[in-house]
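S.K.: Would you be able to build a 3D model of this:
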Amino acid sequence: MVVDTTKRLGGAFVVYCPNGKIITRKLKLHSSCSVFQAELKAIEQACVWLADKHIPNAAILTDSKSGLQEIGNPNSTNQIVTNIHRMLDNHSLSVNFIWVKAHTGIAGNEAADLAAKAAATSHNVPILIKFPISFVRKLAQQDSKVASEQFYQDNMKGGLETADEVLARVKKAVDARGTGLKINKVRKAKNQKIILGCDTEDERKKVQQRIESRGDGLIVEPIKNKDPLVILKDVIIDSEDEDTIKALHAQNKDVFFGLNEKDMEMTVKYKKRTRNPRTVHIVLQVKPNVWQRMTEAGALYLDLQRVRVEDQSPLIQCTRCLAFGHGRKFCTESVDRCSHCGGPHLREKCADFSAGNEPQCCNCSHSGLRRTDHNAFSADCPVRKKWDYLARANTAYA
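M.R.: Below you'll find the model as predicted:
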């Protein structure tokens, strides 16, 4: 039997009988299902078919490695997996579950794939499975976004202040020149918000009290600290994000021992390319206690790998202009700058780099620093260290 699903939430299995007969079964899944749930549901329905047809021996081929790992866990609490275990026991089924990477070289792959796609676009009543946490979060985010946009539109009609107008009111309320209050940075954010930074907590409280007492209608809130980041080095590309996180939990129970479900929440923020086109560096956002455990461990098991784990700075550096605080996507410059010499070209085309000449950091040169003999991406760059410190200031590490 070959089992397959599609991201458009259809599933199918194709049965190859000893007598040469081919049987296809399709199932449509509810939009709330995750890819992981869809894979397990397709395998479960294949087992149901075997039980109904009184076929005691069979082989089920699938490309869902995480699904097979969960089925192989006798202590799994997943409802679908529990049903599969019960079915195998009650009907004395001897099923050989086989993982095949993307069904490579397996006859029936195309038939199963086409059947799954047909199921996804059919008008059949979809199978409803218990909502995964990811779907509930998505709904909550959508509701929040709709509410925020509606609030914004309603207030725009009533004459909502611009960010510049709010900044002018903040400046007047603080009166830094007259009061001597020290603010080290100020910037405009989304939805007419102004972000102020102070060197000390005591100074921040004084500024807050000043705005609350003299800034009529202005609301002051401390910025909530962000969760820290870790980076998984040189991860082989063969899994979905959800499968990666699930594998980390399943294969590193000693690292996560004693943590509750909320503490173990983690999100794939982004991925970084490596020199090997078959691998990536995965950046995860995790809870502070998980960050501490993962960085102390130094390495974690992931699928058939033991990957290095390191702390990842939240600092963003543009790969075009080499400045900090924004990415290439939002860069206003039109020309790439060389990370070796700072010239208007890529490092690969830099004559100084090819000749082996000493690098010149454009950020340190612009800041008037004496030491500039390093690459603009160097972790030892003084300007980078300053920005890294500021970026980490709003991150909770404990």
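
S.K.: residue nearest the centroid of this protein?
M.R.: Nearest to the mean C-alpha position of the chain, by CA atoms, centre = their mean, lies residue 268 at 1.9 Å.

S.K.: Could you list every helix and strand in contact with whatever helix or strand that one lives in?
M.R.: In the assignment (DSSP states H and E), residue 268 maps to strand 266-273. Packing partners of strand 266-273 (3 or more CB pairs under 8 Å, 6 or more residues apart in numbering; DSSP states H and E): helix 241-251, strand 279-286. Every C-beta, even on glycine, is put in place using the N, C-alpha and C of the backbone.

S.K.: ok so, going back, residue 240 is in contact with the residue nearest to the centre of the chain, correct?
M.R.: No: Residue 268 lies out of contact with residue 240 (CB atoms under 8 Å); the separation is 9.5 Å.

S.K.: list the contacts for residue 298?
M.R.: Residue 298 sits next to 308, 309, 310 when contact means CB atoms under 8 Å, 6 or more residues apart in numbering.

S.K.: I'd say the last one and residue 231 touch.
M.R.: Yes: applying CB under 8 Å as the test, residue 310 and residue 231 come out as touching, 5.4 Å apart.

S.K.: Distance check, the residue nearest to the centre of the chain against residue 199.
M.R.: Here residue 268 is placed at a distance of 34 Å from residue 199 (CB to CB, to the nearest Å).

S.K.: Residue 54 too?
M.R.: 76 Å.

S.K.: which one of the two has more residues nearby?
M.R.: residue 199 (11 against 8; other CB atoms under 10 Å).

S.K.: per-residue pLDDT, the residue lying closest to the more buried one once chain neighbours are set aside?
M.R.: Counting by CB to CB, 6 or more residues apart in numbering, residue 199 lies nearest to residue 184, which is 5.6 Å off, once chain neighbours are set aside. Residue 184 is assigned 83 on the pLDDT scale.

S.K.: Hmm, residue 184 is touching residue 198, no?
M.R.: Yes: the criterion here is CB under 8 Å, and residue 184 meets it with residue 198 at 6.4 Å.

S.K.: which one of these two has more residues nearby?
M.R.: Taking neighbours as other CB under 10 Å, residue 184 and residue 198 compare with residue 198 leading, 17 against 11.

S.K.: if I pick that one, what's in contact with it?
M.R.: Neighbour list for residue 198: 182, 183, 184, 204, 207 [criterion: CB under 8 Å, 6+ apart].

S.K.: Write the PyMOL selection for whichever of the residues you listed are buried.
M.R.: Of the contacts of residue 198, the buried ones can be selected in PyMOL as follows, counting by 16 or more other CB atoms under 10 Å:
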select buried, resi 183+204+207
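
S.K.: which of the contacts of residue 198 lies closest to residue 89?
M.R.: residue 204 (61.7 Å; CB to CB).

S.K.: shaky segments in the stretch 1-150 of the chain?
M.R.: Along the stretch 1-150 of the chain, segments meeting pLDDT under 70 span 1-12, 29-32, 102-150.

S.K.: in it, which spans are helices?
M.R.: 35-52, 65-71, 79-90, 109-120, 133-157 (DSSP state H, counting those that start in this stretch).

S.K.: The third one - contacts with which helices or strands?
M.R.: In other words, helix 79-90. Checking 3+ CB pairs under 8 Å, 6+ apart, helix 79-90 ends up next to helix 35-52, helix 65-71.

S.K.: Any buried residues in the first one, and which?
M.R.: Taking 16+ other CB under 10 Å as the basis for neighbour counts, the residues of helix 35-52 that come out buried are 35-47, 49-51.

S.K.: Between residue 310 and residue 231, which has more neighbouring residues?
M.R.: Set residue 310 next to residue 231 and count neighbours by other CB under 10 Å: residue 231 wins out with 20 against 14.

S.K.: what's across from the more buried one in the sheet?
M.R.: residue 283, residue 310 (DSSP bridges).

S.K.: Relative to residue 381, how far out is it?
M.R.: Taking CB to CB, one finds residue 231 at 19 Å from residue 381.

S.K.: Likewise for residue 71?
M.R.: Relative to residue 381, and taking CB to CB, residue 71 is found at 49 Å.

S.K.: again with residue 69
M.R.: Relative to residue 381, and taking CB to CB, residue 69 is found at 42 Å.

S.K.: so who does the closest residue to residue 225 other than its chain neighbours touch?
M.R.: The shortest distance from residue 225 to any non-neighbouring residue, by CB to CB, 6+ apart, is to residue 396 (3.8 Å). By CB under 8 Å, 6+ apart, residue 396 lies in contact with 225, 226, 227, 228, 288.

S.K.: Generate a markdown table for these, with neighbour count, pLDDT and distance to residue 194 as supplementary columns.
M.R.: Listed next are those as a markdown table, based on neighbours: other CB atoms under 10 Å; pLDDT from 0 to 100; distance: CB to CB, whole Å:
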| residue | neighbour count | pLDDT | distance to residue 194 |
| --- | --- | --- | --- |
| 225 | 12 | 79 | 19 |
| 226 | 13 | 86 | 19 |
| 227 | 19 | 91 | 24 |
| 228 | 24 | 93 | 26 |
| 288 | 15 | 91 | 28 |
